[in-house]
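>>> I'd like to go over a predicted model; first the sequence, then the structure.
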Amino acid sequence: MTSHQETVILRGHIIDSLILAKVLDTILMMGGMFDLEEVQIGKTREESSRARIVVRAGSAQLLNNILHQIQPHGASVEREADCRLQPAPSDGIFPEDFYATTHLPTQVRLRGQWVDVDGTEMDLGVSVDLEKATAHTVPMGAVKRGQLIVTGRVGIRVMPLQRPRDRDVFGFMESQVSAERPHRHVIHDVAKRMTSMREKFRQGQTGSKVLLAGGPAIIHAGGRDALTWLIEEGFIHVLFCGNALPAHDMEVELYSTSLGYGHQAGRVVPHGHEHHLRTINRIRAIGSIKAAVESGVIKGGIMAACINNHVQVVMAGTIRDDGPLPEVITDSVIAQDAMRAAIPGVGLALLVASTLHAVATGNLLPATIPSVCVDVNPAVPTKLADRGSFQAVGLVMDAASFLRELARELGWTS
Amino acid sequence: MSRLLVCPPDYFGVEYEINHWMRRSNTVNRDEAIRQWHGLIQVLEHDMGAVLERMKPVPGLPDLVFTANAGIAVGRRAVPSRFRFVERQPEEAHFEDWFRSRGFEVLSLEKELFFEGAGDLLGFPEGWFGGYRQRSDIRAFPVLSEWFGREIMPVELVDSRFYHLDTCFCPLSGGELLYFPTAFDRYGQAAIAERIAPHQRLVVSEEDALKFACNAVCVGKHVVLPAGCLGTEWLLEERGYRPHPLPLSEFMKSGGSAKCLTLALD
């Protein structure tokens, strides 16, 4: 948790006496923050007022110091109750009044202790192990009968995001998306962050993985070489995609076309529309993309770079897929689980040219992970930015332009 | 007519040190203390027309003489004090018994909610001020406010020489306030200034404040205060009050003066 907090209650004639002002000033002067959650002002001069203040600090020690300073002025720590728990009535069903998570760090109170909820992700439930005093998020479909699930709203607290420390494009807490905004400084900041994350990844630091979720427009628009280079240079560590991105990537390798267009010439090739089907069929015959790369059938491109550089790939299928390719997961619940399992360790997400995969990935990411959403359709980055993350940057631009510019910032010379 | 509770100083002395003024080495002259106390009683009863209720002194409770700390009494309702220091806690039962014996409805604060009576709760008919931090706990005031239906503005006492509100803050019958501002923090000073108009605020000099000029008893236009506070006497006379300076030096050895020796029962 980056933030430590406690709720205090202040009551009495606290307004005109300036006791409330004194308490709030004290919190700020000591380096803490506060949210004035509720102020009930007495209706008559005789009637008391009451304020509910959430005090926040960067460390447990500072929080304690602040509470110690404000308690003599009447600020009492609110008596908090443990969270309520109910067993799941059946497999795959939450208790009626289940608590639905946000994408913000969350704590639940178990037997008087605040416990971090593992696996920050929105729209899930929270499962509790009372013996171990642990809590973790659980998707609706994965809950087992009898599993203890947090219900109601008592004994639960959600930590608002702290302003990021880095003074880059992620640090300004903007969530505007505009096609008119210059992209260059954004891409420059993303590149800077990726350079430092690659260094951290090589040192084995946690939270240093870069995830890219992408659609086939990357190939069609001409971003394949740049993305391949980024993977080969160790800037990307996890790839989320569907069936089409790998299919067209390998189509380029086998037929020099993507969706039938000559990759270099830019013209429709006779019977080119069959190329991606023939590609898929060929890989299915070989058994897997991995085998196709290892046997030398697929020598270059994004998928080969992923296999050769041990990049974790999750391919999630959809109802319009041809084939699909052997590694594509066609059960969307299983695909979601596989994507979820790949999230821990990710510290930056690039969501490029795929509404479906960008939104799905956005739903799985905690708000603490910075993300860059790139799409020619402003609706996609807008949707992602609206999730309330301070660190979601949206770029309305072509996928290939983005990847090529990013790669150039990082030293690509093609 | 003013009714005041007093307690003769038969067992008064400095037997422990719980405030800035107390020094066990500074022995009390018991005979002189008794003389000074009777001098005060004389003025209160005869010059000021107050009606006095006398409490029986108790051996081993030297500070029972300071009845301002008995609690707070308004109408027929009384709330006995909850002393911060263990040395004075045995007084609580005696004050409570006295309130009950006189037919007061007694309301009791929780044990850990320190409140030192009229020593820390003073004011005007329209609203009270509550001194906190040194002796009384600010959390006692919302409870008292509810019980008595009065506004209580908490003000923090920041100078250990002025450990009770009544050592630095004295409301007068005409609505003026005799006080020593720097005994309060800036929030308290601002809150007082907000409630009491500038021409009603009579600021006592530090020299007089340290002689406990604010520990005065005001009945009508009469004000009893410790002797030697000439500037304060002048301030009072200018406003039409009649000061009665009295020698109370023996009680000052315990950090108390005229006001500390009385509790208003109206």
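That came in fine, so what should we check first?

>>> mind checking how far the closest residue to chain B within the stretch 51-200 of chain A is from B:Glu237?
Relative to chain B, the nearest point of the stretch 51-200 of chain A is A:Gly74 (4.1 Å; Cβ to the nearest Cβ). Every C-beta, even on glycine, is put in place using the N, C-alpha and C of the backbone. A:Gly74 sits 39 Å away from B:Glu237 when distances are taken as Cβ to Cβ, to the nearest Å.

>>> So for the two, which residue has more residues nearby?
More neighbours surround A:Gly74 than the other of A:Gly74 and B:Glu237, with 24 against 12 (other Cβ atoms under 10 Å in any protein chain shown).

>>> Can you verify my assumption that B:Arg77 contacts B:Gly103?
No: the pair B:Arg77 / B:Gly103 is not scored as a contact, 10.8 Å apart, by Cβ atoms under 8 Å.

>>> Counting neighbours, go ahead and name the busier of these two.
Taking neighbours as other Cβ under 10 Å, B:Arg77 and B:Gly103 compare with B:Arg77 leading, 14 against 8.

>>> which ones are touching the more buried one?
Contact analysis of B:Arg77 by Cβ atoms under 8 Å, 6 or more residues apart in numbering or on different chains lists B:104-105, B:107, B:147-148.

>>> Same question for A:Ala399.
Counting by Cβ under 8 Å, 6+ apart, A:Ala399 has contacts A:214-215, A:217-218, A:221, A:223, A:352-353, A:374-376.

>>> Show me which of these are buried.
In terms of neighbour count (16 or more other Cβ atoms under 10 Å in any protein chain shown), the buried residues within the contacts of A:Ala399 are A:214-215, A:217-218, A:221, A:223, A:352-353, A:374-375.

>>> so can I have a markdown table of these showing secondary structure?
Output for the buried ones among the contacts of A:Ala399, formatted as a markdown table (DSSP: H, G, I helix; E, B strand; the rest coil):
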| residue | secondary structure |
| --- | --- |
| A:Gly214 | strand |
| A:Gly215 | coil |
| A:Ala217 | helix |
| A:Ile218 | helix |
| A:Ala221 | coil |
| A:Gly223 | coil |
| A:Val352 | strand |
| A:Ala353 | coil |
| A:Val374 | strand |
| A:Asp375 | strand |
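
>>> Closest one of those to A:Leu24?
In terms of Cβ to Cβ, no member of these lies closer to A:Leu24 than A:Val374, at 41.8 Å.

>>> Next one: the closest one from chain B, what distance?
The spacing between A:Val374 and chain B, counted by Cβ to the nearest Cβ, to the nearest Å, is 52 Å.

>>> who touches that residue in this structure?
A:350-353, A:381, A:394-395, A:397, A:399, A:402.

>>> How many residues are close by B:Lys253?
19.

>>> Just to check, it is in contact with B:Arg24?
No: counting by Cβ under 8 Å, B:Lys253 sits too far from B:Arg24 to count as a contact (9.9 Å).

>>> what's the overlap in contacts for these two?
B:Val14.

>>> In the chain, spot the helix with the most residues.
You didn't say which chain, so I picked chain A. In terms of residue count, the longest helix belonging to chain A (DSSP state H) is helix A:184-202.

>>> Chain B, not that one
Assigned via DSSP H, chain B shows its longest helix as helix B:30-42.

>>> Could you give me the buried positions within it?
B:33, B:36-37, B:40-41.
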